[in-house]
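Peer 1: Have a look; sequence and predicted model below, questions after that.
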Amino acid sequence: MNEPRKVNNIIEPKFVMEGAGVRLRRSISPNSSNRFDPFLLFDHFAFNDPIEGPILGFPMHPHRGIETVTYILEGMVNHRDSLGNSGEIGPGDVQWMTSGSGILHEEMPRRGNNGAIYGFQLWVNLPSTLKMSRPRYQEVNSSNIPVLTKGNTTIKIVAGEVEGIKGPVSEIAANPLYIDVNLAPGAEFTQEVPLGHTVVAYVFDGSGIFENNSENNTPIYATKMVQFGDGHHVWAQASPNSSFRFLLLAAVPFKEPIVPYGPFVMNTMDEIQQAISELRNGTFIKQ
């Protein structure tokens, strides 16, 4: 029987300060309980008021043992790293970085023409066998990200596959689905996902319902993180008088213990201590 996924939890993002004073809405934080395995962190950043002053961003800092995904809707982010990569991602672009054994990078946001910066960052875990793999960087222009239009629904496919259409971000250890779903008022949406995968949706515009709140028609309003139980598919419907836009993320959990420590996520405390020691003595970046 094809069972829909029920909503297990609705999370209210919390405001946090990161980097050089960047204010973020955070829905998922790295935690040893690892209940969103393999997803480790999810941040929503928005600077929509020019009187907030200069955006200082995220100066050069290390990562080990994770993959980071930055998806920009408005504004730009300038990037450079210890691999020699540098560039700028703008509206609709995606940056996917595999830190592996270790990378140093910086991300410096810049306002768009309307003064706004708007986007998301996701951290995805690496399995123990790839924690010390070679770092890698993928930058994908918006024009190379396919958009599937079905009636009053548009689906931007960053990673994974929808109806035979594959996203351009590939070779990610967790083999994730990462799609941006935008429903017109009243429109419905169904996406199959494998049993056993972790599935979350981040609602960032409008309102609508998912499967288990459809009986009482109580809508979920932006901004919320929705965590689903197990099942074969996710079903959603926009409110009658509102659009409904959300990121849908799904991936196979690794089911390994993790030890998060700042920008590092490893499997043991000894590995964390090794990362700190190598950072201090200058051997963190591998040849």
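Peer 2: Sure, I can see it. Numbering: from 1, shown residues only.
Peer 1: What separation do you get for the closest residue to N144 other than its chain neighbours and F15?
Peer 2: Excluding the flanking residues, the one nearest N144 by CB to CB, 6 or more residues apart in numbering is P168, at 5.1 Å. To be clear about C-beta, it is placed using only N, CA and C from the backbone, and glycine gets the same treatment. The gap separating P168 from F15 is 32 Å, by CB to CB, to the nearest Å.
Peer 1: Between those two, which is the more surrounded one?
Peer 2: Higher neighbour count among P168 and F15: P168, with 15 against 8, using other CB atoms under 10 Å.
Peer 1: Read off the pLDDT value for that one.
Peer 2: With respect to pLDDT, P168 has a value of 93.
Peer 1: still on that earlier bit, so the residue nearest to N144 touches S143, yeah?
Peer 2: No - the pair P168 and S143 does not pass the contact test of CB atoms under 8 Å, sitting 10.2 Å apart.
Peer 1: which residues do the two both contact?
Peer 2: Shared contacts of P168 and S143, defined by CB atoms under 8 Å, 6 or more residues apart in numbering, are absent.
Peer 1: Quickly list what the spatially most central residue of the chain is bridged to.
Peer 2: Central residue of the chain (CA atoms, centre = their mean): L122, 2.8 Å from the mean position. Beta-bridge partners for L122, by DSSP bridges, are F42, V69.
Peer 1: likewise L247?
Peer 2: Beta-bridge partners, per DSSP bridges, of L247: D180, Y202.
Peer 1: which ones are touching it?
Peer 2: L247 neighbours (CB under 8 Å, 6+ apart): 71, 120, 178-181, 201-202, 204.
Peer 1: cutoff 10 Å now
Peer 2: 42, 44, 71, 120, 122, 156, 158, 178-181, 200-204, 225 (CB atoms under 10 Å, 6 or more residues apart in numbering).
Peer 1: With M132 instead?
Peer 2: 64-65, 100-102, 126, 266, 271, 274, 286.
Peer 1: quick one: what helix or strand has it in it?
Peer 2: Secondary structure assigned from DSSP states H and E places M132 in neither a helix nor a strand.
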